[in-house]
Structures are given as structure tokens and as C-alpha cells.
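# coordinates only, sequence not included:
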């Protein structure tokens, strides 16, 4: 899986922006200024996404390419080594991360996000 595929997929999600808040190589995808996906554009072999704690544990058991979130809260984030991963699963995990962030947004920001569809 290539960086371009992830960029295209994330770019199709409502209200998403690509940022480099940490340095010039760490790409962070945000919705309403909240992170939901992180990747290194210079050495793009993995991404880190939010995940429900119980599901994160199951995914780590089922897939050797999935581990605790690198430099993140290991209870709520997972890192996915993209080598050998099923693309639909990766996209589903990105979508899930996006939804987790959107669900936690304040009502006002949810309303602002909905307005972007008009």
C-alpha cells in the first residue's frame, strides 16, 4: 500500500486536513483539528490510528502487522505495518478512527462538520 492510496482515501473523508504539526516528515490527518491518522512520509511503511481498546487487543492478536500505537496511548491507538496488510481492512481501520474522533467532537463542531456537506 502506498502513501498516495492513504492520502486519497483520507482526503475523501468529510472535513479532513493534512498537517505537519511535529516536523516536515510526520503527516497527520485531522478532522476538526483532531488527529485520527499519522504516517511518516519519508519512510511510509506504517500508519497509526485510533481504535477501541477491546478491538485493538483483538486486532493485535489476529494480525502480526498490528501493534500498540507508536508514541501514542497504547490503549487507544494502534500502529499498522502496511506490508502484507489487506487494503480494505486498512481503509476500514482508518474510517473507524475517523468515526471515533467525530463521535467525541462537541455538538457545535459536529454541526460545523455536517455543514461542510452542503
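It's in. It should be emphasised that the depicted structure is a prediction, and the values quoted were computed from it without experimental measurement.
# Could I get the contacting residues of residue 53?
By Cβ atoms under 8 Å, 6 or more residues apart in numbering, residue 53 lies in contact with 75, 76. The way it works is simple: take the backbone N, C-alpha and C, and place the C-beta from them, glycine included.
# Now it: phi and psi?
In terms of degrees, to the nearest 10, the main-chain angles of residue 53 are phi -50, psi -50.
# can you give me the mean pLDDT across the helix or strand hosting residue 79?
Secondary-structure assignment from DSSP states H and E places residue 79 in strand 77-81. Here strand 77-81 scores 96 as its mean pLDDT.
# Tell me which residues are up against the helix or strand following it.
The first helix or strand that comes after strand 77-81 along the chain, using DSSP H and E, is helix 87-103. Residues outside helix 87-103 that contact it (Cβ under 8 Å, 6+ apart): 1, 5-6, 9-10, 13, 16, 31-32, 34-37, 47, 49-52, 55, 59, 78, 80, 82, 110, 113.
# Next step: these restricted to strands.
Members of the contacts of helix 87-103 lying in strands (criterion: DSSP state E): 16, 31, 34, 35, 36, 37, 47, 49, 50, 78, 80.
# What's the ChimeraX syntax to select whichever of those residues are buried?
Typed into ChimeraX, the line below selects the buried ones among the ones in strands among the contacts of helix 87-103, using 16 or more other Cβ atoms under 10 Å:
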select :16,31,35,36,37,47,49,50,78,80
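# Tell me which residue is most central in the chain.
In the chain, the residue lying closest to the centroid (Cα atoms, centre = their mean) is residue 37, at 2.6 Å.
# Now for that residue: which residues touch it?
By Cβ under 8 Å, 6+ apart, the contact list for residue 37 reads 6, 10, 28, 29, 47, 48, 49, 94, 97, 98.
# nearest to residue 68, of the residues you listed?
Nearest to residue 68, judged by Cβ to Cβ, of the contacts of residue 37 is residue 48 at 9.4 Å.
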